[in-house]
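# here is a sequence together with a model predicted from it:
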Amino acid sequence: MSTADDIRSYVIEHYIGPARAAGRDKVRIRLGDIQQNLKHSNPLQFVRSALNTQIFQKEAGVELLEPIHPRSGADTYCHFGIRSLPSQLAENALVERSDATVSLAGHEVRYIEVAKLKLDLKNPSFIGQNFKNETEAIAFLYENADLSELLLSILISGYLDFEPIVVHQSDNTVLEGNRRVAALRLISNETLRNELNINLPSAPTDLSSRRS
């Protein structure tokens, strides 16, 4: 893992995640604290550079509210706006509509309610399965496709919609993104979670925890 990756992961785990779990819409981070807590010998500019990128903002599900000055010191605070909580974001998913196969050209992108999307029960990833309904497919994905890991990622960083879900234009059957749709369904539908006896994973809440 690179220094930048290490910094981004630390900030998401110890600042963004807890702030989002607490329902806050903003968070401020002192640059010097990051350098000190990670025990990095690298100059402070590595911390500034890691947080002052679109990569971090997309990964963390945040928006930088004020530019970080290139010569900012250890006592400088970075201010980030936190995107809506997953329970709100899961109500809609960005969907790329396609007549048949996934295409880079001639597609239309729009928002469609998650509840209106249909899982593709004949998807190649379901070979050998004979699901009676979508609920059985979601249960299968949870048990066999690391869905809990994806759920935790969405709970910490929000639903990042820069990679659209691909669906049939005729009936909204998912061509690409069944796993993401299943995760969004579980987050937004408590009745479904209860039916499958699935609990959402808990996002980190300890701001004071430190790496060894």
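In hand now; what should we look at?
# quick check: buried residues in the helix or strand hosting D33?
Using DSSP states H and E, D33 sits within helix 31-38. Neighbour-count burial for helix 31-38 flags 31, 33-35, 38 (criterion: 16 or more other CB atoms under 10 Å). For glycine as for every other residue, the C-beta is placed from the backbone atoms N, C-alpha and C.
# closest to G73 out of these?
L31 (7.4 Å; CB to CB).
# show residues contacting the helix holding D33.
Residues outside helix 31-38 that contact it (CB atoms under 8 Å, 6 or more residues apart in numbering): 6-7, 10-11, 14, 42, 44, 46-48, 51, 72-78, 210-211.
# keep only those of the residues you listed that are in strands.
Residues of those located in strands (DSSP state E): 77-78.
# so which of the contacts of helix 31-38 are in helices?
Counting by DSSP state H, the contacts of helix 31-38 place 6-7, 10-11, 46-48, 51 in helices.
# buried subset of the contacts of helix 31-38, written for ChimeraX?
Filtering these down to the buried ones (16+ other CB under 10 Å) takes a single ChimeraX command:
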select :6,7,10,11,14,44,46,47,48,51,72,76,78
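# in the chain, where is pLDDT below threshold?
The model of the chain has pLDDT under 70 over residues 1-2, 40-42, 70, 84-108, 160-162, 203-212.
# and the strands in it?
Under DSSP E, the chain gives strands at 26-30, 62-64, 77-82, 92-98, 108-113, 165-168, 174-176.
# and the residue lying farthest from the centre of the chain, how far from T173?
For the chain, the largest distance from the centre (CA atoms, centre = their mean) belongs to R71, which lies 31.0 Å off. Using CB to CB, to the nearest Å, we find R71 at a distance of 53 Å from T173.
# show me this structure divided up by domain.
What automatic domain parsing lists as the domains of the chain is 3-83, 87-196.
# turn those into CSV, columns for distance to S202.
Listed next are the domains of the chain as CSV, based on distance: least, CB to CB, whole Å:
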stretch, distance to S202
domain 3-83, 8
domain 87-196, 8
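# can you give me the first-to-last residue distance of stretch 71-82?
Start-to-end span of stretch 71-82 (CA to CA, to the nearest Å) is 25 Å.
# please read the previous query as pertaining to stretch 127-147.
End to end - CA to CA - stretch 127-147 spans 18 Å.
# same thing with stretch 117-135?
One end of stretch 117-135 to the other measures 13 Å (CA to CA).
# ok, stretch 153-165 next?
End-to-end distance for stretch 153-165, by CA to CA: 17 Å.
# and that stretch, which residues are buried?
Buried, per 16+ other CB under 10 Å, within stretch 153-165: 153-161, 164-165.
# could these go into a markdown table alongside distance to E195?
A markdown table is the format used below for the buried residues of stretch 153-165 (distance: CB to CB, whole Å):
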| residue | distance to E195 |
| --- | --- |
| S153 | 23 |
| I154 | 20 |
| L155 | 20 |
| I156 | 25 |
| S157 | 27 |
| G158 | 25 |
| Y159 | 22 |
| L160 | 27 |
| D161 | 27 |
| P164 | 28 |
| I165 | 23 |
